[in-house]
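> Predicted model, plus sequence, below.
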Amino acid sequence: MSRILALHGTASSLVIEHLPQGAPLWRWWGPRLPEHGVPLHAAAEARYVPPSSLEQELPPSLLPTFGVGGFGQAALLAHRHGQQFAQHFDACAVRQEPGALHLTLRDTVAALQVELSLSLDAQDVLRIDTRLVNEGHTPLALQWLASATLPLPAHARCVRSLHGQWSHEFRCHDDALGPSTWLRQNHRGRTAHDGFPGALVLAEGTGAHAGTAWGAQLAWSGNSRQCIEPREDGGWLWQLGEWLAPGELYLPPGEAYQAPPLVAACSTQGTNGVMRAFHAAARATVRWPGGTMAPRPVHLNTWEAVYFNHDEAALRELATEAAALGVERFVLDDGWFHGRRDDARALGDWWPDAQKYPQGLAPLAAHVQSLGLQFGLWVEPEMVSPDSELYRAHPDWALQLAGRPLLTARQQLVLDLARPEVAEHLFGRLDSLLASLPIAYLKWDMNRDLTTAGHDGRAAYHGQVHALYALLARLREHHPGVEIESCASGGARIDLGILPHVQRFWTSDNNDARSRVAIQRGALQFMPPELLGAHVGAERSHTTGRSQALAFRAAVALPLHLGVEADLRRLDAAARAELAGWIALYKQLRGRLHGAPLWLGEAGDGIVWQAHGDAASALLFVYRLEPTAQRFSPALRMPWVDAQHRYVLRRLCGAAQGALPGWGRSPLHDALDAQGAVVPGAWLREAGFELPRLTGESALLLEVNKV
Ligand code: GLA
C-alpha cells in the first residue's frame, strides 16, 4: 500500500501519510489538489532534526498522544490505575473505499484500539468518527478522546466562534490566532447558549465569498471542548471532542467509547462555502417523517400570546384567527398540564390541567383539526419541578450528588434519564399523550443547565445525552409521523447530534427582528434555514421592549421556518390583512427558500443581505437595521450570478409588503415594481446593484432571475 492516502471532494482534498508504526500523519486538509498532484515522496524525506530536539521529532498526526515523543495537546488521555498513561500505536491497518478511509490503530502495550473513519463527499463534507476500544483486562480511565485533530496551515489567521446568552444566541466573535492555545469549553451539560460545539477558521484575507475557510462542528448535545494549538512549523492543530468530567468514563474491559462524530468542511469560497457544506451535512442528517421534507407549515405558537394563562375558549378563538390568516400548525405551549400556573411548579405532571381543560385537550385539538390545522404540544420531559406530583413520588429521580446542594434553575431540576425507570416512565407518559391525542408535533423544551449531575455518585453528563437520544429515538420509532422541535430556553440545543431526532430548532426566544438578524445569520452559518424556527412576534418585543413595523418583522422571519407568536385577537383588520399577505408570500416562496444554496453578505453602510437560490434564480433579502449614514445607498454585489448572462430584478411585493419610500426611488427602482430592472450579470457581480434608499429597520425582497 502507498504511504500517501488521499480523499478528494469537489473543492477540497485531504492527504495523510500512513506509517507502519504510529498514527498516520496529516499532510493536507484544504483546497482541492489534482488527483495526481499529491507528491508520492514520504514526508519524511523533507524532514530534518531541528536543534535541541528528539531525533524522532513527530510531525502532526491524526491522533497525537502524550508521553512517547508528543509534546502538544494529545488526542487521547487515559490510564489504568495510573499506569499506561503514555500511548503509542504500534500498528495501523488501513481499509480504503471510495470516498472513505478506515484506520485501525492498535497500542498493544496499553491494550487499546482506536478506530478512525474519515469520509469526504462531493459536497466537501468531511466526517470523522473515532471509537476507542479497551482491549485490556482492567478498566481504562478515559479523560479525553478527541473526535478529531485537524491540521490548519500557517496562513490561518483567526477563529470565529459563537457566544451568547438567553435570547442572544449565535453571536459571532473573531479571535486572532497567536502563539497561545485558543480554547473553548462547555461544561453546562447541554449545548448551551454560549457553548456551540464548532467554529470557523479564516485564512488571511478570507471573507464571506472568497478565500480559504475551514469549519468544524461536533454532532453532540452535551459538554464539549475545542482548542487550536500552534504547531512547531507555524501551522495549527484544531481539536474538538466531548469534555469529560473527572472520573466520568471508566471503560470496562471489552467496552468502547464512541466520540461525538465531527463534521467539517474546507472551502475557497469563503465562509459561505463552508456554510453550504454544513447545510448539505444537516440536510443529509435530518430524518423527515415519510422520508422527504413536507413544505414547512406556518406555526402559531401560543407562548407570547397567552403565556400560562390558558383559557380554552380564548385558545379556540386564537386558533380560529390563526386559520383565517393561513396558519397551518397550532402549537400549544407551556401552561397546559396539571398545576402549571407559572414556571415555579408542575414539570413532570404531564396530564392536562383539569381546571383549565375539564374535558382534557381532545376538544381543543379537535377544534384545531377542524380548522385544517395540525395540533402541536409543548413538553419539557427531562425536567421535574420540586413542587410536582412526580417529584413528591420520586425525589431520587432528579440528578443529584449526596451531600451537595440541589441547585435549581427556573425552579426546576433535571431528571436522571440514564435510570431505566425514569426513561421508561417518560416514554410511557409521552407515548400515552401521543396515542390519545392527534398530536402532529412536539415542541421539546429543555430549560436549564446541568449541575450536581450525579448518577450513583459518578458524573452523569455523557450518559444523560445518550439516554436523551435513546428516548427520542424510541418515541420516533413508535410515532414516526410526529415531528419534534428541539428547544432549550430558545436556541441552547441546536446541533447535529440531536438533529437525527428532530425536524426544527427553536432559534431564540428573542422575536425582536433587529436582534434576530444577527442571531439568525449566526445560526445559518451552521444550520439551513428550513430547520430554524422564526416567528413574527408582537409589535413591541417581549424580550427587548423595542417596537418594529410588521413588514420588517415578517421579512426577517420569512426565509426561515415561519411562525407567528402573538395574540392575533388584538390585531386590527389592517394588521391581519398584512400578516395574511406575508403568510401567503411565505407559502409561495418556501419551496425556493428551503433546500436551496444560501449566500450571506454585507453591502456596507449597515446593509446585510441573504440570497437563497442559484445563478438561474434567487430570492434576495436586503435588511437595513440603522438609518443610512450616507447620501447614496451602496451597491450590492451578487457573487452568485453568472457573468455571462443578463438578469432581471423584480421586487416581490403585494399589498402586504408596502411601497418603497418615495424619496428613495429612481427610474431603475421604479422598474423593480414594473417590468423589472435588467442588468448584466458581470455588472451585478463586480459593480453591484445600486440599492434604493431604505429607511432604518426595513427590508427589501428581490427576485433575481437569469434572462
Ligand atoms: C422556553 C422556550 C419558550 C417557551 C418557554 C415556555 O423559554 O424557549 O419558547 O416555550 O420555555 O416555558
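That came through, no problem. These numbers were taken from a predicted model, which means no experiment stands behind them. Residues are numbered from 1 along each chain as shown.
> could you pull out the strands for the stretch 351-500 of the chain?
Taking DSSP state E, counting those that start in this stretch as the criterion, the stretch 351-500 of the chain contains strands spanning 374-379, 383-384, 413-414, 439-444, 454-455, 458-459, 483-486.
> Now for this protein, the helix or strand with the poorest mean pLDDT.
Least confident helix or strand, the chain: helix 667-672 with a mean of 91, by mean pLDDT, DSSP states H and E.
> one step back: now the strands of the stretch 351-500 of the chain in TSV, please, with extra columns for mean neighbour count and mean pLDDT.
For every residue, glycine as well, the C-beta is placed using N, CA and C. Output for those, formatted as TSV (neighbours: other C-beta atoms under 10 Å; pLDDT from 0 to 100):
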stretch	mean neighbour count	mean pLDDT
strand 374-379	22	99
strand 383-384	24	98
strand 413-414	26	98
strand 439-444	24	98
strand 454-455	18	94
strand 458-459	18	97
strand 483-486	23	98
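> I'd like the ones you listed laid out as JSON lines, including distance to Arg231.
What follows is those, written out as JSON lines (distance: least, C-beta to C-beta, whole Å):
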{"stretch": "strand 374-379", "distance to Arg231": "47"}
{"stretch": "strand 383-384", "distance to Arg231": "44"}
{"stretch": "strand 413-414", "distance to Arg231": "40"}
{"stretch": "strand 439-444", "distance to Arg231": "42"}
{"stretch": "strand 454-455", "distance to Arg231": "39"}
{"stretch": "strand 458-459", "distance to Arg231": "32"}
{"stretch": "strand 483-486", "distance to Arg231": "37"}
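> Give me the pLDDT value at the residue lying closest to Gly537 once chain neighbours are set aside.
Excluding the flanking residues, the one nearest Gly537 by C-beta to C-beta, 6 or more residues apart in numbering is Asn511, at 2.9 Å. Looking at Asn511, its pLDDT stands at 98.
> Which single residue in the chain comes nearest to the ligand?
Per C-beta to the nearest ligand atom, Asp334 is where the chain lies closest to the ligand, at 3.4 Å.
> give me the beta-bridge partners of the closest residue to that residue other than its chain neighbours?
Spatial nearest neighbour of Asp334, chain neighbours left out: Trp378 (5.1 Å); criterion: C-beta to C-beta, 6+ apart. Trp378 has these beta-bridge partners by DSSP bridges: Lys443.
> so Trp378 makes contact with Asp445?
Yes. Assessed by C-beta atoms under 8 Å, Trp378 is found in contact with Asp445 at 6.3 Å.
> if I look at those two, which residues touch both of them?
In terms of C-beta atoms under 8 Å, 6 or more residues apart in numbering, Trp378 and Asp445 are both contacted by the residues Asp334.
> Output the contacting helices and strands for the longest helix belonging to the chain.
When the chain is parsed with DSSP state H, its longest helix is helix 573-593. Contact here means 3 or more C-beta pairs under 8 Å, 6 or more residues apart in numbering; DSSP states H and E; on that basis helix 573-593 packs against helix 312-325, helix 550-557, strand 561-564, strand 607-613, strand 617-624.
> between that helix and strand 607-613, how big is the angle?
Between helix 573-593 and strand 607-613, the angle comes out at 50 degrees (axes from the mean of the first three to the mean of the last three C-alpha atoms, to 10 degrees).
> Flag every buried residue along the next helix or strand after helix 573-593.
Sequence order places strand 598-604 as the next helix or strand after helix 573-593, per DSSP states H and E. For strand 598-604, a neighbour-count test (16 or more other C-beta atoms under 10 Å) marks Leu598, Trp599, Leu600, Gly601, Ala603 as buried.
> List the pairing partners of strand 598-604 within its sheet, with orientation.
strand 607-613 (antiparallel).
> pLDDT of the strand it pairs with, averaged?
98.
> and of the helices and strands packed on helix 573-593, who's closest to Pro20?
Proximity to Pro20 (C-beta to C-beta) singles out strand 607-613 among those, at 49.9 Å.
> The closest one to strand 617-624, inter-axis angle?
Going by the same axes, to 10 degrees, strand 607-613 makes 160 degrees with strand 617-624.
> Just list whatever residues bridge to Phe689.
Residues in beta-bridge contact with Phe689 (DSSP bridges): Leu636.
> Just give the number of residues close to it.
By other C-beta atoms under 10 Å, 25 other residues sit near Phe689.
> and it, what is it in contact with?
By C-beta under 8 Å, 6+ apart, the contact set of Phe689 is Ala635, Leu636, Met638, Leu649, Ala677, Val679.
> Stretch 354-365: which residues count as buried?
Judged by neighbour count using 16+ other C-beta under 10 Å, the buried positions of stretch 354-365 are Lys356, Tyr357, Leu361, Leu364, Ala365.
> So for that stretch, first residue to last residue, what's the gap.
16 Å (C-alpha to C-alpha, to the nearest Å).
> What lies in contact with it?
Residues outside stretch 354-365 that contact it (C-beta under 8 Å, 6+ apart) are 310-312, 315-316, 319, 332, 335-336, 338, 352, 375, 377, 436-439.
> filter those residues to the buried ones?
If you count burial by 16+ other C-beta under 10 Å, the buried members of the contacts of stretch 354-365 come out as 310, 312, 315, 319, 332, 335-336, 338, 352, 375, 377, 437, 439.
> Pretty sure Gly533 is one of the things the residue nearest to Gly537 touches, is it not?
No. With contact defined as C-beta under 8 Å, Asn511 does not reach Gly533; the gap is 10.3 Å.
> more crowded one of those two?
Higher neighbour count among Asn511 and Gly533: Asn511, with 30 against 25, using other C-beta under 10 Å.
> Give me the contacts around the least confident helix or strand of the chain.
Leu649, Arg650, Arg651, Leu660, Ala677, Glu690, Pro692, Leu702.
> Packing partners of the top strand by length along the chain?
Ranked by residue count under DSSP state E, the longest strand found in the chain is strand 140-152. Helices and strands touching strand 140-152, by 3+ C-beta pairs under 8 Å, 6+ apart, are strand 25-31, strand 76-79, strand 125-134, strand 213-218, strand 236-241, strand 249-251, strand 262-267.
> What angle do strand 125-134 and the last one make with each other?
So the one you mean is strand 262-267. In terms of direction (the same axes, to 10 degrees), strand 262-267 departs from strand 125-134 by 150 degrees.
> The following helix or strand past strand 262-267: how far from the chain's middle?
Scanning forward in sequence from strand 262-267 by DSSP H and E, the next helix or strand is helix 270-285. Centroid separation for helix 270-285 versus its chain: 11 Å, with C-alpha atoms, centre = their mean, to the nearest Å.
> got the angle for helix 270-285 vs strand 125-134?
60 degrees.
> got the buried residues for helix 270-285?
For helix 270-285, by 16+ other C-beta under 10 Å, it's 270-283, 285.
> repeat for stretch 222-236
Using 16+ other C-beta under 10 Å as the test for burial, stretch 222-236 gives Gly222, Asn223, Ser224, Arg225, Gln226, Cys227, Ile228, Glu229, Pro230, Arg231, Gly235, Trp236.
> Surely His102 and Cys92 touch.
No. Using C-beta under 8 Å, His102 is not in contact with Cys92; the gap is 10.9 Å.
> More neighbours: which of the two?
Using other C-beta under 10 Å, the more surrounded residue of His102 and Cys92 is Cys92, with 20 against 15.
> Give me the pLDDT for Asp233.
The per-residue pLDDT of Asp233 was computed as 89.
> what residues does the stretch 601-707 of the chain put near the ligand?
For the stretch 601-707 of the chain, no residue is in contact with the ligand (C-beta under 6 Å from any ligand atom).
> Any stretches of the stretch 601-707 of the chain with poor pLDDT?
In the predicted model, the stretch 601-707 of the chain carries pLDDT under 70 at residues 654-660, 662-663.
> what does the chain give?
Where the chain drops to pLDDT under 70, the residues are 1-2, 40, 42-44, 654-660, 662-663.
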